[in-house]
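Q: Have a look; sequence and predicted model below, questions after that.
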Amino acid sequence: MIVMKFGGSSVESAAAIERVRGIVDARIARRPIVVVSAMGKTTNRLLEIAHLAVNGKRDKAISNLLDLRDFHLRESGMERTIDEHFQELSELVKGLAILGELTPRSIDAISSFGERISSLIVANHFQHHGMRAVHVDSRKLIVTDKRHTQANPLYEETYARLARTIPPLASEHVVVMGGFIASTEEGTATTLGRGGSDFTASIVGAGIGAEEIQIWTDVDGMLTSDPTVFPGGHRVKVISFEEASELAYFGAKVLHPATVLPAVDKNIPVLILNSRNPDNEGTRIIADKVHSTNPIKSVACKKKIVVLNIRSTRMFMAHGFLRRIFEVFDRHEVPVDMISTSEVSVSLTVDSASHLPALLDELREFSEVRVDENQSIICIVGENIRDTPGVAARLFHALGPINVRMVSQGASALNFGIVVAFDDLPEAVRRIHEEFFSELDPAVFVGNHEAIHA
């Protein structure tokens with residue numbers, strides 16, 4: 001058995017779903033289990049509708065909901081199924097408008113509809129074209145805790161349900177499931193966080209002992225750079241789980257950061273493939289270390305992050321400064337990506353400034369805080385970067401006149417991170433590529449056959 005996950009762009013229309021059917025049909029002998037995301041940008045649209053409803057714009061919310069219904073009906077032709085789901089959605093939106101409050105539980109309830117509907121549409125499309133397909137509601141199999149919008153799977157119960165349900169069905173049918181969605185033990189809808197369909201695929205693969213987990217997206221695999229930052233990157237043919245996880249965490253959008261965890265636990269390879277170019281071999285992610293003559297495998301970026309510079313001369317030579325800082329971050333549930341410290345100052349990065357005012361007020365009770373917005377993290381990732389002489393020297397030489405605001409050597413020995421101004425990001429990544437990827441190990445990379453000076 002293999003698990004095949006198709007993202008929103010791969011199921012965004014009837015034509016896209018027909019492409020998916022062809023891809024699945026070509027692998028029918030491998031007993032595929034298909035996991036799908038919501039169609040296109042459906043989840044974003046559902047959340048926008050929810051916010052309109054709670055902010056007193058009920059009529060606009062209902063109008064947008066009708067537009068979304070028409071889109072799904074047009075691309076599927078499943079009038080009865082679509083009407084049933086959107087009637088339920090309409091009641092939910094009206095309830096939100098009355099309450100005027102959007103709780104995590106109600107966010108999960110409304111955002112779950114995208115995958116619930118798309119998986120039914122894909123299963124119906126397969127059946128209509130002669131494929132023996134069956135739909136399975138992921139909420140019946142993926143069991144989580146009650147942490148709405150970012151629920152954690154209860155693996156023992158989830159794996160037991162998957163092992164009991166999926167293999168018998170997959171022996172005769174193509175099983176189609178919605179990604180991202182799950183439920184508590186009591187049956188209340190939860191979600192696994194944005195991008196959680198990848199996570200679903202990995203959980204399903206681990207639960208049934210799949211031989212392979214395929215993540216089908218709209219790019220040819222993992223690249224040596226984000227193409228929206230620098231379009232001259234190269235495809236990575238093979239990479240380790242640890243490297244892929246670092247890249248995903250630091251911004252590589254083709255893979256959800258949590259995806260590799262169940263796969264690593266069960267030692268199941270993960271492939272990143274392109275539904276618009278299915279003959280491309282993509283990227284293979286494996287448990288073993290992947291040695292390469294290139295010291296780094298890829299460059300990940302996080303755009304428009306915020307750097308907080310925290311300083312307190314009162315804490316000079318005093319223990320407990322870091323503890324006090326991180327107690328504040330813990331109370332406000334603000335995660336930190338990078339950190340650099342000295343005796344009386346700490347610099348760290350966070351994803352967004354939107355939730356910082358209360359946190360900053362508390363930090364300023366015992367320290368001075370300077371906030372630098374519009375910064376970016378660049379993270380170079382590769383096996384044993386820390387133990388390879390000269391990597392840091394080459395990096396800083398390549399950056400030349402670009403000002404580096406912060407430096408962090410990853411404790412994992414797999415990454416080296418720097419912070420630069422957002423406006424400097426494209427030029428910095430171009431320079432790094434020119435330095436580290438002018439020659440490629442053919443066992444690990446496929447060149448883009450374009451000049452590196454984009």
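A: Noted; the coordinates are in hand. Residues are numbered from 1 along each chain as shown.
Q: Would you check how far apart the closest residue in space to Ala206 that isn't next to it in sequence and Ala53 are?
A: Distance criterion CB to CB, 6 or more residues apart in numbering; nearest residue to Ala206, sequence neighbours excluded, is Pro262 at 3.7 Å. Using the backbone N, CA and C atoms, a C-beta is placed for each residue, glycine as well. Taking CB to CB, to the nearest Å as the measure, Pro262 falls 35 Å from Ala53.
Q: sorry, back to before: quickly find the element holding the residue nearest to Ala206.
A: Assessed by DSSP states H and E, Pro262 sits inside helix 260-266.
Q: what about dumping the CA coordinates of whichever helix or strand comes after that helix to CSV?
A: Helices and strands here follow DSSP H and E; after helix 260-266, the next one along the chain is strand 270-274. What follows is strand 270-274, C-alpha atoms only, in CSV (Å, rounded to 0.1, in the frame of the first residue of the first chain):
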residue,chain,number,x,y,z
VAL,A,270,8.4,10.2,1.8
LEU,A,271,8.3,11.5,-1.8
ILE,A,272,7.6,15.0,-3.0
LEU,A,273,6.1,14.9,-6.5
ASN,A,274,4.4,17.3,-9.0
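Q: helices and strands around strand 270-274, which ones?
A: strand 212-217, strand 283-286 (3 or more CB pairs under 8 Å, 6 or more residues apart in numbering; DSSP states H and E).
Q: Adding mean neighbour count, mean pLDDT and distance to Leu96, write the ones you listed out as CSV.
A: Output for those, formatted as CSV (neighbours: other CB atoms under 10 Å; pLDDT from 0 to 100; distance: least, CB to CB, whole Å):
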stretch, mean neighbour count, mean pLDDT, distance to Leu96
strand 212-217, 24, 96, 32
strand 283-286, 23, 95, 40
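Q: Save those as JSON lines, and put in distance to Val24 too.
A: JSON lines is the format used below for those (distance: least, CB to CB, whole Å):
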{"stretch": "strand 212-217", "distance to Val24": "10"}
{"stretch": "strand 283-286", "distance to Val24": "20"}
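Q: Tell me which of those sits nearest to Ala428.
A: strand 283-286 (23.7 Å; CB to CB).
Q: Starting from that closest one, tell me which strands it pairs with and how they run.
A: Paired strands of strand 283-286, with direction, are strand 238-240 (parallel), strand 270-274 (antiparallel) (DSSP bridges).
Q: Same list, those strands, but as CSV with mean pLDDT and mean neighbour count please.
A: Formatted as CSV, the strands paired with strand 283-286 follow (pLDDT from 0 to 100; neighbours: other CB atoms under 10 Å):
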stretch, mean pLDDT, mean neighbour count
strand 238-240, 95, 23
strand 270-274, 95, 22
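Q: And for Met222, nearest residue in space, chain neighbours not counted?
A: Per CB to CB, 6+ apart, closest to Met222 is Thr283, 4.3 Å.
Q: With Ala38 instead?
A: For Ala38, the spatially nearest residue (CB to CB, 6+ apart) is Gly114, at 2.6 Å.
Q: Show the residue spans covered by the helices in this structure.
A: 14-25, 42-54, 58-76, 79-99, 104-111, 113-128, 155-170, 196-208, 241-249, 260-266, 321-331, 357-363, 391-399, 425-436 (DSSP state H).
Q: how far off helix 14-25 does the third one point, in degrees?
A: Looking back up the chat, that one is helix 58-76. Here the directions of helix 58-76 and helix 14-25 differ by 50 degrees (axes from the mean of the first three to the mean of the last three CA atoms, to 10 degrees).
Q: Same check on the longest one?
A: Note on geometry: by the same axes, to 10 degrees, helix 79-99 and helix 14-25 are set 120 degrees apart in direction.
Q: got the angle between helix 79-99 and helix 113-128?
A: Using the same axes, to 10 degrees, the direction of helix 79-99 lies 180 degrees away from that of helix 113-128.
Q: Other residues contacting helix 79-99?
A: 46, 49-50, 53-54, 56, 58, 61-62, 65, 68-69, 72-73, 76, 102, 106, 109-110, 113, 116-117, 120-121, 124 (CB atoms under 8 Å, 6 or more residues apart in numbering).
Q: repeat that for 10 Å
A: Helix 79-99 is contacted from outside by 46, 49-59, 61-62, 64-66, 68-76, 78, 102-103, 106-107, 109-110, 113, 116-117, 120-121, 124, using CB atoms under 10 Å, 6 or more residues apart in numbering.
Q: Distance from that helix to the middle of the chain?
A: Remark: helix 79-99 is offset 28 Å from the chain centroid, using CA atoms, centre = their mean, to the nearest Å.
Q: what angle do that helix and helix 42-54 make?
A: Using the same axes, to 10 degrees: helix 79-99 against helix 42-54 is 40 degrees.
Q: Helix 79-99 to helix 104-111, inter-axis angle?
A: Relative orientation of helix 79-99 and helix 104-111, computed by the same axes, to 10 degrees: 150 degrees.
Q: what about Phe436, distance to Arg147?
A: 39 Å.
Q: Can you pick out the residue with more neighbours from the two?
A: Phe436 (22 against 13; other CB atoms under 10 Å).
Q: ok, the more buried one touching Val299?
A: Yes: under the contact definition of CB atoms under 10 Å, Phe436 touches Val299, with a separation of 8.1 Å.
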